[in-house]
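Peer 1: need a 3D model of the sequence below.
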Amino acid sequence: MSAATGARLTEAELRAQERAARKAERERQKRIARDEAAERKRSEKAGFANVNNPRRSTLMTVLCAIFAVYCLFPFVYLAINATKTQADFTSTFGLGFGKTFALWDNIATVFTYQDGIFGRWLVNTLLYVVVGAGGATLLAIMGGYALAKFRFPGRKAVFAVIIGSISVPGIALAVPQFLLFAKLGLTNTPWAMIIPSLISPFGLYLMWIFSEQAVPTELLEAARVDGASEFRTFWTISLPLLAPGIVTTALFTIVATWNNYFLPLIMLKDADWYPLTIG
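Peer 2: Model prediction:
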């Protein structure tokens with residue numbers, strides 16, 4: 001009797017456990033349904049670009065396409081008008097083609113102007129960009145990484161100097177730089193363009209902040225425990241993690257150097273050293 005009673009109790013317990021499990025599963029499904037409903041409500045209140053709201057997503061896509069066309073408009077205007085003769089350029093609509101397709105003649109005219117000085121200006125610009133912007137990016141990477149991952153006295157003072165340098169417009173330093181380079185005898189030389197381009201306070205600040213977030217300190221400590229040198233740690237571990245910040249810094253420095261106008265205007269007198277901006 002006791003064995004049969006124990007078996008029945010065991011079966012009753014099993015049925016009770018099954019009922020409890022089914023009830024718990026129903027409660028879990030209800031919670032999931034409530035969470036999904038709440039997520040849908042949040043999604044409906046979100047921005048335009050939302051996969052759960054095709055109408056808003058389409059509207060955002062159209063707006064982005066309009067802005068993209070607007071940004072490409074100068075390039076389209078340049079490409080169309082590069083095919084015109086001078087007479088067609090002044091007598092036809094800006095976005096319409098001229099009567100004569102003169103693209104190749106225009107290119108030949110540009111590169112034969114004053115014995116091909118345009119090619120020299122292009123080479124000068126590439127020199128200033130590669131050496132100046134490349135050097136500025138390299139210094140910003142190393143300086144920003146060191147300021148982010150090494151502790152030393154005066155870090156706060158360095159931070160204040162960097163922020164102060166960012167707040168000073170570059171054009172305000174052009175005349176003092178000219179006077180300094182004139183005393184050193186470096187005006188009208190490529191160094192008058194390259195040396196100032198090596199300094200990028202914003203690039204240094206950007207890499208400092210990016211290194212703080214992108215490179216975990218624990219990862220560096222693990223590499224040091226394994227016997228890796230600081231250079232190897234930086235080159236093999238940190239540098240790949242910093243790739244997005246490096247690309248961003250490089251783009252900023254390249255654009256700034258390529259578009260530099262006032263500095264070469266006051267530093268350079270010999271047309272053979274002109275960049276494209278003033279050539």
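Peer 1: could you pull out the helices for the stretch 151-279 of the chain?
Peer 2: Here the stretch 151-279 of the chain has its helices, by DSSP state H, counting those that start in this stretch, at 155-167, 174-184, 191-197, 201-214, 217-225, 230-232, 239-241, 243-258, 262-267.
Peer 1: need those in JSON lines with mean neighbour count, distance to residue 140 and mean pLDDT, can you?
Peer 2: Every C-beta, even on glycine, is put in place using the N, C-alpha and C of the backbone. What follows is the helices of the stretch 151-279 of the chain, written out as JSON lines (neighbours: other CB atoms under 10 Å; distance: least, CB to CB, whole Å; pLDDT from 0 to 100):
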{"stretch": "helix 155-167", "mean neighbour count": "12", "distance to residue 140": "10", "mean pLDDT": "84"}
{"stretch": "helix 174-184", "mean neighbour count": "14", "distance to residue 140": "19", "mean pLDDT": "89"}
{"stretch": "helix 191-197", "mean neighbour count": "20", "distance to residue 140": "12", "mean pLDDT": "91"}
{"stretch": "helix 201-214", "mean neighbour count": "19", "distance to residue 140": "4", "mean pLDDT": "90"}
{"stretch": "helix 217-225", "mean neighbour count": "12", "distance to residue 140": "19", "mean pLDDT": "86"}
{"stretch": "helix 230-232", "mean neighbour count": "11", "distance to residue 140": "18", "mean pLDDT": "87"}
{"stretch": "helix 239-241", "mean neighbour count": "14", "distance to residue 140": "13", "mean pLDDT": "89"}
{"stretch": "helix 243-258", "mean neighbour count": "17", "distance to residue 140": "5", "mean pLDDT": "92"}
{"stretch": "helix 262-267", "mean neighbour count": "18", "distance to residue 140": "19", "mean pLDDT": "88"}
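Peer 1: residue 68 is nearest to which of the ones you listed?
Peer 2: With respect to residue 68, and counting by CB to CB, the nearest of the helices of the stretch 151-279 of the chain is helix 243-258 at 18.0 Å.
Peer 1: tell me which other helices or strands the closest one touches.
Peer 2: Judged by 3 or more CB pairs under 8 Å, 6 or more residues apart in numbering; DSSP states H and E, the packing partners of helix 243-258 are helix 134-149, helix 191-197, helix 201-214.
Peer 1: just the CA trace of that helix, in CSV.
Peer 2: Output in CSV follows, covering the C-alpha atoms of helix 243-258 (Å, rounded to 0.1, in the frame of the first residue of the first chain):
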residue,chain,number,x,y,z
ALA,A,243,41.8,52.7,-37.8
PRO,A,244,38.5,54.6,-37.8
GLY,A,245,40.0,57.5,-35.9
ILE,A,246,43.1,57.5,-38.1
VAL,A,247,41.0,57.7,-41.3
THR,A,248,38.9,60.6,-39.8
THR,A,249,42.0,62.5,-38.7
ALA,A,250,43.7,62.0,-42.1
LEU,A,251,40.6,63.3,-44.0
PHE,A,252,40.5,66.4,-41.8
THR,A,253,44.2,67.1,-42.3
ILE,A,254,44.2,66.4,-46.0
VAL,A,255,41.2,68.6,-46.7
ALA,A,256,42.7,71.4,-44.5
THR,A,257,46.1,71.2,-46.3
TRP,A,258,44.6,70.9,-49.8
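Peer 1: low-confidence regions, the chain specifically.
Peer 2: The chain contains residues with pLDDT under 70 at 1-9, 43-56.
Peer 1: determine how far the longest helix along it lies from the middle of the whole chain.
Peer 2: Determined from DSSP state H, the single longest helix within the chain is helix 2-44. Relative to its parent chain, helix 2-44 has a centroid offset of 52 Å by CA atoms, centre = their mean, to the nearest Å.
Peer 1: relative to residue 170, which of the helices and strands packed on helix 243-258 is closest?
Peer 2: The nearest among the helices and strands packed on helix 243-258, by CB to CB, is helix 191-197 at 8.4 Å.
Peer 1: so what does residue 168 have for phi and psi?
Peer 2: phi -90, psi 120 (degrees, to the nearest 10).
Peer 1: what is the neighbour count of it?
Peer 2: Using other CB atoms under 10 Å, residue 168 is surrounded by 10 other residues.
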